[in-house]
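A.B. asks: Sequence plus the predicted model coming up.
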Amino acid sequence: MQTVNQTATKVLAEVVTDMPHKRVGILGGTFNPPHLGHLIMAEQVGDQLGLDEVRFMPDAQPPHVDEKKTIAAIDREHMVERAIADNPRFKLETTELKRGGKSYTYDTMKALKAQHPEIQYYFIIGGDMVDYLHTWYRIDDLVKLVTFVGIKRTKYPTTSKYPVIWVDAPVVDISSTQIRQKISHGHSVRYLVPDAVADYIKEHHLYEQSH
């Protein structure tokens, strides 16, 4: 005969199993600085896939980027906060910033899934990056933790040996490198970054010399 506690535990397990999974997109990057291309990509994926949230996840120290060219994490965090403030679907994910060190996607997603097994994660990448998935750290394990979402890009195939959901989004040829260069030469970045981000860059004198 089952005890009351055993019965309650069984019922709770059934309820949790039957609960709809929360659907969350993850857009990782250095965001040095965040720009309108990031926002357009996140909005299109969130809308077309019907995601509950799209989280912007700044790297602490990207494994493939020269750390000397990346400004302080706190500044990148604050710029992302400003960039996404007016969109209720957008959130800031600080897991990698809090952990510090080099940011490997597998380690991050393993930790997030352990903390929130009820969430179904969608990891957003540009179509040009899909061809490089085979080089990602523990990619065969990572695809068990997330569903990859590729943004279609002209001249790049929409095929992969890994499962990828493809999404159409306007191709906006803006890069953080380009923005940093413009600022370092005293040129305008209006309409390339949100006004709130431009204001933060100006207030804190970021990128005024080449980074």
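C.D. replies: Arrived safely, thanks for sending.
A.B. asks: In a strand, residue 55, correct?
C.D. replies: Yes - Residue 55 sits within a strand when classified using DSSP: H, G, I helix; E, B strand; the rest coil.
A.B. asks: residues in contact with the closest residue to it other than its chain neighbours?
C.D. replies: Leaving aside its chain neighbours, residue 55 sits nearest to residue 93 (3.9 Å; criterion: C-beta to C-beta, 6 or more residues apart in numbering). Bear in mind the C-beta positions are built from the backbone N, C-alpha and C, glycine included. With contact taken as C-beta atoms under 8 Å, 6 or more residues apart in numbering, residue 93 is in contact with 26, 55, 56, 57.
A.B. asks: For residue 92, see how far away the last one is.
C.D. replies: Counting by C-beta to C-beta, to the nearest Å, the separation of residue 57 from residue 92 is 8 Å.
A.B. asks: And the third one, by the same measure?
C.D. replies: Computed with C-beta to C-beta, the distance linking residue 56 and residue 92 is 6 Å.
A.B. asks: The nearest residue to residue 139 once chain neighbours are set aside: what's it in contact with?
C.D. replies: Counting by C-beta to C-beta, 6+ apart, residue 133 is the residue found nearest to residue 139 once chain neighbours are left out, at 5.7 Å. By C-beta under 8 Å, 6+ apart, the residues touching residue 133 are 139, 148, 160, 162.
A.B. asks: Residue 57 and residue 92 - which one has more neighbours?
C.D. replies: residue 57 (23 against 16; other C-beta atoms under 10 Å).
A.B. asks: Just the pLDDT at that one, thanks.
C.D. replies: Per-residue confidence (pLDDT) for residue 57: 97.
A.B. asks: Kindly report the same for residue 8.
C.D. replies: 45.
A.B. asks: where in the chain is pLDDT low?
C.D. replies: 1-20, 62-69, 210-211 (pLDDT under 70).
A.B. asks: Check it and tell me which residue is nearest its centre.
C.D. replies: residue 27 (1.5 Å; C-alpha atoms, centre = their mean).
A.B. asks: ok, that one to residue 144 distance?
C.D. replies: From residue 27 to residue 144 the distance is 20 Å (C-beta to C-beta).
A.B. asks: which residues in this protein form strands?
C.D. replies: 22-29, 53-58, 90-92, 119-126, 147-151, 164-167 (DSSP state E).
A.B. asks: Point out the most buried one among the ones you listed.
C.D. replies: strand 53-58 (a mean of 24; mean count of other C-beta atoms under 10 Å).
A.B. asks: what about it, distance to the chain center?
C.D. replies: 4 Å (C-alpha atoms, centre = their mean, to the nearest Å).
A.B. asks: Can you tell me what sits against it?
C.D. replies: 22-31, 34, 38, 42-43, 45-46, 73, 76-77, 80, 83-84, 89-97, 108, 124.
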